[in-house]
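In: Sequence first, then the predicted structure:
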Amino acid sequence: MQEILIIVPTFNEVENIGSLLRRIFAINMPLAVLVVDDQSPDGTAQLVKAMMPEFDGRLFIEERTQKQGLGKAYIHGFLWARRRHFKYIFEMDADFSHDPDMLPTLFKILSDGADVVIGSRYCDGINVVNWPLSRIFLSYFASLYVRILTGMPVKDPTAGYVGYRASVLDQIGLEKIRFVGYAFQIEMKYKAWKKGAKLVEHPIIFKNREKGVSKMNGSIIWEALFGVLFLRLQFLFKTKS
């Protein structure tokens, strides 16, 4: 019985998605993969659908009508997973920045009692490969800013290689998640933590994409910086009321 779902959001990832899916399905785990595609014009969805018979009953695709951002894609995937009663749900990038071979280790942490497991770039030094130094500094100090402002004991709050117990997703209230970019990753972890979830970080090596085009832009970073302040103020006002 498949109890683990890997959600992979895609937009123009035809150069990566086929190889990634084969790497994931080569792992000896009871898992399925859901690709959530935002109308990629490069044929990403068509390639996934062509591969579905190869992984019969384990590979699924949801095609959304427009590009609405990473957070919306994940929420779509989370709700899909809950309707189908998956017990453990993972987020994974499509560009090989997240090593599929880490899945068994991350899953063991969940099955051993964690509610949220975070593949962390910063819990054991700085483990980032092929990023420009400016981007490493921005990401690292943004993470430090989040920890100081929220008090959340997570060294990589913007990490995107994350696994959740389904029960935690139910407690968070997915319909109330506000943000779509880096701030989405922070908001999910912060709200899980505030609900009393046990968050565990495990070091990974994060590799910058070799194929395709990065979706990173300035608006996503600013959303994260201001989003953290919003989340903190929102919680303070709720506590006082």
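Out: Great, that's in hand.
In: so where do the strands sit in this structure?
Out: Here the chain has its strands, by DSSP state E, at 4-10, 31-37, 59-63, 88-91, 116-120, 128-129, 162-165, 199-203, 206-207.
In: If you compare the directions of the second one and strand 4-10, what angle comes out?
Out: By that I understand strand 31-37. On the basis of axes from the mean of the first three to the mean of the last three C-alpha atoms, to 10 degrees, strand 31-37 is oriented at 20 degrees to strand 4-10.
In: ok, and what's touching strand 31-37?
Out: For strand 31-37, contacts defined as C-beta atoms under 8 Å, 6 or more residues apart in numbering pick out 2, 4-11, 17, 21, 24-25, 44-45, 48, 55, 57-64, 73-74, 76-77, 80-81, 86, 94, 103. To be clear about C-beta, it is placed using only N, CA and C from the backbone, and glycine gets the same treatment.
In: hmm, try it at 6 Å
Out: The contact list for strand 31-37 (C-beta atoms under 6 Å, 6 or more residues apart in numbering) reads 2, 4-10, 24, 44-45, 48, 58-63, 73, 76-77.
In: Quickly run through the sheet partners of that strand, with directions.
Out: Strand 31-37 sits in its sheet next to strand 4-10 (parallel), strand 59-63 (parallel), going by DSSP bridges.
In: what's the burial count for Ile17?
Out: Counted with other C-beta atoms under 10 Å, the neighbours of Ile17 add up to 25.
In: now this protein, which segments are flagged as low pLDDT?
Out: For the chain, the stretches flagged by pLDDT under 70 are 1, 212-225, 229-230, 232-241.
In: now the helices: where do they sit in the chain?
Out: Remark: helices assigned in the chain by DSSP state H are 17-25, 44-51, 70-83, 103-111, 133-150, 166-172, 182-194, 218-240.
In: how about those helices, which one is nearest Arg209?
Out: Nearest of those to Arg209, taken as C-beta to C-beta: helix 17-25 at 11.2 Å.
In: Next, the angle from the closest one to helix 44-51.
Out: Here helix 17-25 runs at an angle of 50 degrees relative to helix 44-51 (the same axes, to 10 degrees).
In: Which of the contacts of strand 31-37 are buried? Put it as a ChimeraX command.
Out: A single ChimeraX command suffices to select whichever of the contacts of strand 31-37 are buried according to 16 or more other C-beta atoms under 10 Å:
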select :4,5,6,7,8,9,10,24,44,45,48,58,59,60,61,62,73,76,77
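In: what would the strands of the chain look like in JSON lines with distance to Glu175?
Out: JSON lines is the format used below for the strands of the chain (distance: least, C-beta to C-beta, whole Å):
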{"stretch": "strand 4-10", "distance to Glu175": "17"}
{"stretch": "strand 31-37", "distance to Glu175": "17"}
{"stretch": "strand 59-63", "distance to Glu175": "17"}
{"stretch": "strand 88-91", "distance to Glu175": "16"}
{"stretch": "strand 116-120", "distance to Glu175": "19"}
{"stretch": "strand 128-129", "distance to Glu175": "33"}
{"stretch": "strand 162-165", "distance to Glu175": "16"}
{"stretch": "strand 199-203", "distance to Glu175": "22"}
{"stretch": "strand 206-207", "distance to Glu175": "30"}
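In: wait, Lys198 sits on Asp112?
Out: No: the criterion here is C-beta atoms under 6 Å, and Lys198 misses it with Asp112 at 10.4 Å.
In: nearest residue to Asp101 other than its sequence neighbours?
Out: Ile27 (7.2 Å; C-beta to C-beta, 6 or more residues apart in numbering).
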